[in-house]
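Visitor: just to be clear, the model below is a prediction. Sequence and coordinates:
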Amino acid sequence: MVLKAAGYLLAHGPATAQERWEENSGHSPSTLAVQIAALVCAASFARERGQSATARYLEEAADFLEAHLEPWTVTTEGTLVPGIRRHFIRIHPVDVNDPEPDEDANHGLLELRNQPPGAPAAYPAREIVDAGFLELVRYGVRRPGDPVIEDSLRVVDAVLKVDTPVGPCWRRYNHDGYGQRPDGGPYQGWGKGHAWPLLTGERGHYELAAGQDARPYLRAMAGFASSLGLLPEQVWAEQDRPDKHMVFGRATGGAMPLVWAHAEYLKLVRSAADGRVFDLIPEVADRYRSGRKAPALEIWKFHRRAPPAGRGEIAGPGVGPVPAALDRQRLGASRRYRLHAHRHRSGIRGHPRAARAARAGAVHVLLDQGGKLGRTRLRGPYRARG
């Protein structure tokens, strides 16, 4: 079951059809954090069961994702806070059906949902931020205090933070239209995003990881709760509107209880009691916090065709030609292709774009290997040597 799940990630990633706010597709820091952590965990399962080749393959696939975090999700042309040009963005928009997407985080327009009638809906993706990148620290992909993480927090605090009477809270992302309308009226397909208590819990986890006290964030979350102890989806982030029963820092008309917020609160209680982040995965932290390594792979798939990567060759284990079945049937297509990799020359029959990628030095060709993880012994990987 674990390997089948890992195979699904390999077959359908790295772009997600829907990030954690269930609104946009593309390269999401929070989704990539989960993918990286999941592949490393799957590798640990495989190694414990004597499947060392599969474990190594999964780790290298995770390394590929980790090495692309900044190019895919960090802008170097930020404009939100003077002096901070480099920071994580909410999501880099990518159509999961586009086989050759523009993967530069400085490019692209992000279509925002729930916008008021007549308001702009498309913004440069580099100018829309959320705090989803904190999941990278939570699971161990990045260390607390990482310069890009810290710069991104400064941007998030400048753009999204709301200081309420009971403590800090954060909006989901700038220009969010999901929530009570600015006049206090109900959300009716559009509105204004207010502050989410669960994000206070996420920030508390980061501060704990950075050696700070998590208790102020616990107190704030408790302060957002109703008289029955229920945590709301959102708290009102504007001046009081007594005529609409909207009070600054208190629940809006959104969902209450929000189970996600309660889960975040319970995890933060446990983390504070333990003195460490409950969700931190030691195998992930050991792999990435001790120093990043150059990725062994560049992954080529029919729905993510790697750009040319300089001169090199596709080589496989062993001497002489090494065949690997490139079976698109498992990925929802009907034709079969075969890769023949050699130590000194390479050619791919059946798909000319794959052949060009190989000649240009694509470091790795992955088509359906992930789909077979749960059923057969994995063959490969195929690496470039140049």
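Guide: Received it, and whenever you're ready, just let me know what you need. All of these numbers come straight from a predicted model, not from anything done at the bench.
Visitor: all strands of the protein, in order?
Guide: 26-27, 74-75, 87-88, 92-93, 109-111, 122-124, 161-164, 167-171, 195-196, 314-315, 322-327, 336-341, 346-349, 383-384 (DSSP state E).
Visitor: how close does the residue nearest to Gly211 when sequence neighbours are not counted sit to Leu268?
Guide: Nearest in space to Gly211, with sequence neighbours left out and distances taken as Cβ to Cβ, 6 or more residues apart in numbering, is Pro144 at 7.5 Å. C-beta: built from backbone N, CA, C; applies to glycine. Here the criterion is Cβ to Cβ, to the nearest Å. By it, Pro144 lies 15 Å from Leu268.
Visitor: ok, those two, which is more surrounded?
Guide: Leu268 (25 against 19; other Cβ atoms under 10 Å).
Visitor: who's in contact with the residue nearest to Gly211?
Guide: Taking Cβ atoms under 8 Å, 6 or more residues apart in numbering, we find Pro144 in contact with Val137, Tyr206, Ala209, Ala210, Gly211.
Visitor: distance of the last one from Val156?
Guide: This points to Gly211. Distance of Gly211 to Val156, computed by Cβ to Cβ: 19 Å.
Visitor: of the two, who's got more company?
Guide: More crowded of Gly211 and Val156, by other Cβ under 10 Å: Val156, with 26 against 9.
Visitor: report the buried residues of stretch 12-27.
Guide: Buried residues in stretch 12-27, defined by neighbour count with 16 or more other Cβ atoms under 10 Å: 12-16, 19-21, 23-27.
Visitor: low-confidence ranges in the stretch 251-386 of the chain?
Guide: Low-confidence segments of the stretch 251-386 of the chain, defined by pLDDT under 70, are located at 292-297, 306-386.
Visitor: could you redo the last one with a cut-off of 90?
Guide: By pLDDT under 90, the weakly predicted segments of the stretch 251-386 of the chain are 290-386.
Visitor: list just the nearest of the buried residues of stretch 12-27 to His68.
Guide: Pro14 (7.2 Å; Cβ to Cβ).
Visitor: check contacts around that closest one.
Guide: So Pro14 contacts His27, Leu32, Gln35, Leu65, His68, Trp72, Arg304 (Cβ under 8 Å, 6+ apart).
Visitor: looking at the residues you listed, spot the one nearest Ile149.
Guide: Here the nearest of the contacts of Pro14 to Ile149, counting by Cβ to Cβ, is Leu32; it sits at 14.1 Å.
Visitor: isn't the closest one up against Leu65?
Guide: Yes - here Leu32 reaches Leu65: they are 5.7 Å apart, a contact under Cβ atoms under 8 Å.
Visitor: roughly how far does the residue sitting furthest away from the middle of the chain sit from Gln18?
Guide: Distance from the centre of the chain peaks at Asp243, with 40.5 Å (Cα atoms, centre = their mean). Here the criterion is Cβ to Cβ. By it, Asp243 lies 37 Å from Gln18.
Visitor: same question, Ser52
Guide: 34 Å.
Visitor: repeat that for Trp260.
Guide: Using Cβ to Cβ, we find Trp260 at a distance of 16 Å from Gln18.
Visitor: what does Leu258 give?
Guide: To Gln18, Leu258 is 18 Å away according to Cβ to Cβ.
Visitor: how about Pro93?
Guide: Distance from Pro93 to Gln18, by Cβ to Cβ: 12 Å.
Visitor: overlap in contacts of these two?
Guide: Residues touching both Pro93 and Gln18 (Cβ under 8 Å, 6+ apart) are Asn24, Ser25.
Visitor: okay, helices next: where are they in this protein?
Guide: Counting by DSSP state H, the segments of the chain that form helices are 2-12, 29-48, 52-67, 69-73, 134-139, 147-160, 197-209, 215-224, 259-274, 282-288, 352-360.
Visitor: mind putting those helices in JSON lines, distance to Glu298 included?
Guide: Output for the helices of the chain, formatted as JSON lines (distance: least, Cβ to Cβ, whole Å):
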{"stretch": "helix 2-12", "distance to Glu298": "14"}
{"stretch": "helix 29-48", "distance to Glu298": "16"}
{"stretch": "helix 52-67", "distance to Glu298": "7"}
{"stretch": "helix 69-73", "distance to Glu298": "12"}
{"stretch": "helix 134-139", "distance to Glu298": "21"}
{"stretch": "helix 147-160", "distance to Glu298": "22"}
{"stretch": "helix 197-209", "distance to Glu298": "31"}
{"stretch": "helix 215-224", "distance to Glu298": "40"}
{"stretch": "helix 259-274", "distance to Glu298": "36"}
{"stretch": "helix 282-288", "distance to Glu298": "19"}
{"stretch": "helix 352-360", "distance to Glu298": "9"}
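Visitor: relative to Pro117, which of these is closest?
Guide: Nearest to Pro117 among the helices of the chain is helix 147-160; the distance by Cβ to Cβ comes to 24.1 Å.
Visitor: out of the contacts of Pro14, which is nearest to Arg86?
Guide: Out of these, the member with the shortest distance to Arg86 (by Cβ to Cβ) is Trp72, at 13.8 Å.
Visitor: list the contacts of Arg241.
Guide: Listed by Cβ under 8 Å, 6+ apart, the contact set of Arg241 reads Asp183, Gly184.
Visitor: what's the spacing between Asp130 and Arg181?
Guide: The spacing between Asp130 and Arg181, counted by Cβ to Cβ, is 21 Å.
Visitor: oh sorry, the question was meant for Asp157
Guide: 25 Å.
Visitor: next one: Val74
Guide: Between Val74 and Arg181 the distance, using Cβ to Cβ, works out to 34 Å.
Visitor: cool, Gln51 as well?
Guide: 55 Å.
Visitor: these two: which is more packed in?
Guide: With other Cβ under 10 Å as the criterion, Gln51 and Arg181 differ in neighbour count, and Gln51 comes out ahead with 18 against 15.
Visitor: got phi/psi on the more buried one?
Guide: Phi and psi for Gln51, reported as degrees, to the nearest 10, are phi -100, psi 70.
Visitor: quick check: domain ranges of the protein?
Guide: Following automatic domain parsing, the chain resolves into domains at 2-288, 314-384.
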